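Engineer: Take a look and give me a structure for this.
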Amino acid sequence: MKSEHPMTETRSGESLLFLTDEQLRQGIEAMFFAYRGFTADPDLILTELTYGRAHHRAIHFIARRPGTTVSNLLNILGVTKQSLNRVLRTLIEDGLVKSEKGVADKRERHLTLTADGEALEQRLSDAQRARMRAAYRTAGPSAVAGFRQVLEAMMDPELRRRYNAMKETDT
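Structural biologist: Predicted structure coming up:
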């Protein structure tokens with residue numbers, strides 16, 4: 001029997017409105033394995049440098065927002081100040097991140113990547129972009145749009161607002 005709402009069924013006819021626990025478990029497992037694949041390539045690069053994923057996330061968001069403040073980075077990453085300071089200290093000592101006092105507020109520290117930091121960020125992002133590009137090409141445009149909708153729907157409302165604000169400043 002055909003559904004009155006064709007968008008609520010998959011190609012195999014499974015209703016998306018009434019997913020079973022088994023179907024949800026499969027989705028959860030797919031997310032775990034996809035994340036493992038998504039992080040595998042950068043992890044190899046990070047391991048060479050004795051860095052972890054926290055370093056990668058900091059580098060990524062500093063690259064996305066050059067001059068961002070430490071407090072802004074804390075909000076984006078949702079980590080403790082102590083944890084972020086440990087990561088930043090290493091990145092600064094290794095010459096990948098530059099920290100400068102704010103002009104308007106001397107207590108603020110503004111973060112930018114150095115040339116070496118930009119090169120590392122490029123290597124890490126290239127690996128992930130290649131994997132995303134291949135997956136998107138395989139899945140097709142409607143699947144990509146659906147995937148983004150699912151990811152955004154999974155975000156807590158406050159994080160979705162921050163995510164959307166970041167997207168808006170990119171355009």
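
Engineer: mind listing what's buried in the longest helix belonging to the chain?
Structural biologist: As assigned by DSSP state H, the longest helix anywhere in the chain is helix 21-48. Neighbour-count burial for helix 21-48, counted by 16 or more other Cβ atoms under 10 Å, picks out T39, D41, P42, D43, L46. Every residue, glycine included, has its C-beta placed from N, CA and C.

Engineer: from memory the first one sits against R53, does it?
Structural biologist: What it means is T39. Yes: between T39 and R53 there is a contact under Cβ atoms under 8 Å: 6.6 Å.

Engineer: Tell me where the protein has strands.
Structural biologist: Remark: strands assigned in the chain by DSSP state E are 68-69, 97-101, 109-113.

Engineer: Could you find the closest non-adjacent residue to the one residue sitting closest to the centre of the chain?
Structural biologist: Closest residue to the average C-alpha location of the chain: R57 at 7.3 Å, with Cα atoms, centre = their mean. Leaving aside its sequence neighbours, R57 sits nearest to L77 (Cβ to Cβ, 6 or more residues apart in numbering; 5.8 Å).

Engineer: What about that neighbour, how many residues nearby?
Structural biologist: 16 (other Cβ atoms under 10 Å).

Engineer: Okay, it and A115: tell me how far apart.
Structural biologist: Distance, L77 to A115, using Cβ to Cβ, to the nearest Å: 23 Å.

Engineer: And D105, by the same measure?
Structural biologist: Distance from D105 to A115, by Cβ to Cβ: 27 Å.

Engineer: Skip the chain neighbours and tell me the closest residue to I59.
Structural biologist: Closest to I59 by Cβ to Cβ, 6+ apart is E121, at 5.0 Å.

Engineer: I'd like to know how far the one you found sits from K106.
Structural biologist: From E121 to K106 the distance is 28 Å (Cβ to Cβ).

Engineer: Pick out whichever of the two has more residues nearby.
Structural biologist: E121 (18 against 8).

Engineer: so what's the more buried one up against?
Structural biologist: I59, H60, A63, L113 (Cβ atoms under 8 Å, 6 or more residues apart in numbering).
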